[in-house]
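*Asks:* Just a sequence and a predicted model for now, questions to come.
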Amino acid sequence: MTYSISGRYMASCSCAALCGCPVDAQPKDAAGGSECRGVAVFHIADGRLDEVDLSGVDFAFYNLFPSNLTSGNWKVGVVVDSGASDAQAEAVGRILSGQEGGTFGELAQFVGEFLGTERGRVTLSDGDKPALSVEGHSELEFEAARGADGTPTTVKNAMFGFAPEFQVGRTSGRSSAFGLSFEPSYGESADFTFTSEKAEAAVAGRM
């Protein structure tokens, strides 16, 4: 079975300033805590798993990383948009669980506990200040950090990342799901592509 999904994502977590997870560093929040709690919402603009069309599906990926990423013991939970069909939700679940290989297949080795999959309204808005919403759980807004020339600050070629290059900044709002409440601080956003077919999409250097 093969899959390919692409679109836009926005992520928020508890890490202060810049999140250390993309470079496999120890997380650190504003209170001095040493774990990363967060959520990322993905809008699939174009995608499929074999014959299942996934275009237009939104999903949220919640995480608790207790230390640097390669130390493992992650806790993760997923919310798939209620507008997705049962077949689409099942396909997304298979991809994220690592059953279909590719990027998420490589990441599955680090997951210590899967907290389950829920259905609910999941949305991601674009623009100068992207925002995500997960019904009953999260309402978050992202504002990119900007350089001296006024353009967004980006991170490129990180060891772990949802994209080869992504904007970084701050997030505000609230989030609580799967027992993983956190105070939002760091944020990032970019276009993404995940596939089981291309070797360069596997985690050998990035998510």
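*Replies:* Yep, that arrived.
*Asks:* So for this protein, the centremost residue is which one?
*Replies:* Centroid-nearest residue in the chain: Ala40, 3.4 Å away (criterion: Cα atoms, centre = their mean).
*Asks:* need the contact list for it.
*Replies:* Tyr9, Met10, Ala11, Ser12, Ala60, Phe61, Asn63, Phe162 (Cβ atoms under 8 Å, 6 or more residues apart in numbering). Yep, even glycine has a C-beta here, placed from its N, CA and C like the rest.
*Asks:* which of those residues are buried?
*Replies:* By neighbour count, with 16 or more other Cβ atoms under 10 Å, these hold Tyr9, Met10, Ala11, Ser12, Ala60, Phe61, Asn63, Phe162 as buried.
*Asks:* okay if I get these as JSON lines plus distance to Cys21 and pLDDT?
*Replies:* Listed next are the buried ones among the contacts of Ala40 as JSON lines, based on distance: Cβ to Cβ, whole Å; pLDDT from 0 to 100:
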{"residue": "Tyr9", "distance to Cys21": "15", "pLDDT": "98"}
{"residue": "Met10", "distance to Cys21": "16", "pLDDT": "98"}
{"residue": "Ala11", "distance to Cys21": "10", "pLDDT": "98"}
{"residue": "Ser12", "distance to Cys21": "13", "pLDDT": "98"}
{"residue": "Ala60", "distance to Cys21": "17", "pLDDT": "98"}
{"residue": "Phe61", "distance to Cys21": "13", "pLDDT": "97"}
{"residue": "Asn63", "distance to Cys21": "9", "pLDDT": "98"}
{"residue": "Phe162", "distance to Cys21": "11", "pLDDT": "95"}
